[in-house]
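task: produce atomic coordinates for the following.
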Amino acid sequence: MANGEIGAIMRYPVKGLRGVELDAATINAGTMIRDDRRYVLASSTSLGQGGLDGWARKSNFLQLVNTPKLAELGIDYNDETTTLAISRNGRTICKGNLEDAMGRTVIEDFLSAFLKNDIAGSPKIMSVPGTQFGDMEQPYISLLNRDSIRDFADRIASQPVDPMRFRGNLLVDGLPAWSELEWREDQKITIGDVSFRMIHPITRCKATSINPDTAQSDINVPLLLRKGMNHLFMGVYLEATSSGTIKPGDRVVAQ
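Residues are numbered from 1 along each chain as shown. Here you go, the predicted structure:
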């Protein structure tokens, strides 16, 4: 079976906002990448009176599928200081420590003005200690095969498709297009010195139709996947079964 290599590692500190590329990622067995989806954006009306006390479905939060304007924002994030900087058109607009009430307020005030015509209620940055808000409740790490995306773009969409639409953690080069969908459930996947377990392919929703640069819905990705491939999959979920550090250039081996 052909092997590939890690081309990029991404994490998304605030669910719904852009990702940040990492030079390396420390992987711990049974967990997501550190600070990936650590924070969420909710409107004051979306969670009701109960607030947030654990993992919740993405429909409870602001995200591209319901708030596409978020795609206009760039971010930088420092995990040592839990500081988020938000930029627009390449210029930093605001910055705050997400573990500090004043820092969160600075970010929330900007988002409230930025999204004032797009959401009901005011946006709040939330987190729950020890919880990460992946689309699945289980602590999975997502892998994208960039050759699958290129094939989809060239042969099915007939236009460029930015891998960032799919918000993957591990972007892999060198695997034959769609070969990741042939991995068996529970198959061992090794990346560098770290072992993973294949979980299942990722079913894609309308959020992938949002262009990450223009914030416009310009390609009906699920419809094209269904018509062109007879499925709705792009990428796979893995679960880390050992610990270690991975970095771009590490080999991806399906065993």
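
now do Asn117, the pLDDT please.
Asn117 carries a pLDDT value of 85.

same check on Ile93?
For Ile93, the predicted pLDDT is 95.

repeat that for Val14.
What the model reports as pLDDT for Val14 is 97.

quick check: beta-bridge partners of it?
Val14 has these beta-bridge partners by DSSP bridges: Tyr39.

quick one: contacts for it?
Residues in contact with Val14 (CB atoms under 8 Å, 6 or more residues apart in numbering) are Arg37, Arg38, Tyr39, Val40, Leu41, Ile75, Tyr77, Leu84, Leu98, Ile125. Where you see a C-beta, it was placed from the backbone N, CA and C, and this is true even at glycine.

repeat that with 10 Å
By CB atoms under 10 Å, 6 or more residues apart in numbering, the residues touching Val14 are 20, 35, 37-41, 61-62, 70, 73, 75, 77, 84, 86, 98, 107, 125, 127, 133.

so Gly54 lies in a strand, does it not?
No - using DSSP: H, G, I helix; E, B strand; the rest coil, the secondary structure at Gly54 is coil, not a strand.

thought it was touching Val128?
Yes - the pair Gly54 / Val128 is scored as a contact, 5.8 Å apart, by CB atoms under 10 Å.

compare those two (neighbour count), which wins?
Val128 (16 against 9; other CB atoms under 10 Å).

the one helix or strand in the chain whose mean pLDDT sits lowest pairs with which strands, parallel or anti?
Least confident helix or strand of the chain, by mean pLDDT, DSSP states H and E, is strand 40-43 with a mean of 89. Sheet partners assigned to strand 40-43 using DSSP bridges are listed as strand 123-126 (antiparallel).

now do the strands in the stretch 101-250 of the chain.
Per DSSP state E, counting those that start in this stretch, the stretch 101-250 of the chain carries strands over the ranges 123-126, 141-145, 170-173, 188-191, 194-203, 233-240, 244-246.

so which of those gets nearest Gln216?
strand 233-240 (19.6 Å; CB to CB).

just checking, what packs against the closest one?
Identification of packing neighbours for strand 233-240 by 3 or more CB pairs under 10 Å, 6 or more residues apart in numbering; DSSP states H and E yields strand 141-145, helix 146-151, strand 170-173, strand 188-191, strand 194-203, helix 221-229.

so can I have CSV of the strands of the stretch 101-250 of the chain showing mean neighbour count and distance to Leu111?
What follows is those, written out as CSV (neighbours: other CB atoms under 10 Å; distance: least, CB to CB, whole Å):
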stretch, mean neighbour count, distance to Leu111
strand 123-126, 21, 4
strand 141-145, 25, 25
strand 170-173, 22, 28
strand 188-191, 20, 35
strand 194-203, 19, 28
strand 233-240, 22, 28
strand 244-246, 17, 32
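
got JSON lines for those, with distance to Asp213 and mean pLDDT too?
Formatted as JSON lines, the strands of the stretch 101-250 of the chain follow (distance: least, CB to CB, whole Å; pLDDT from 0 to 100):
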{"stretch": "strand 123-126", "distance to Asp213": "22", "mean pLDDT": "92"}
{"stretch": "strand 141-145", "distance to Asp213": "18", "mean pLDDT": "98"}
{"stretch": "strand 170-173", "distance to Asp213": "17", "mean pLDDT": "98"}
{"stretch": "strand 188-191", "distance to Asp213": "29", "mean pLDDT": "97"}
{"stretch": "strand 194-203", "distance to Asp213": "22", "mean pLDDT": "98"}
{"stretch": "strand 233-240", "distance to Asp213": "18", "mean pLDDT": "98"}
{"stretch": "strand 244-246", "distance to Asp213": "28", "mean pLDDT": "97"}
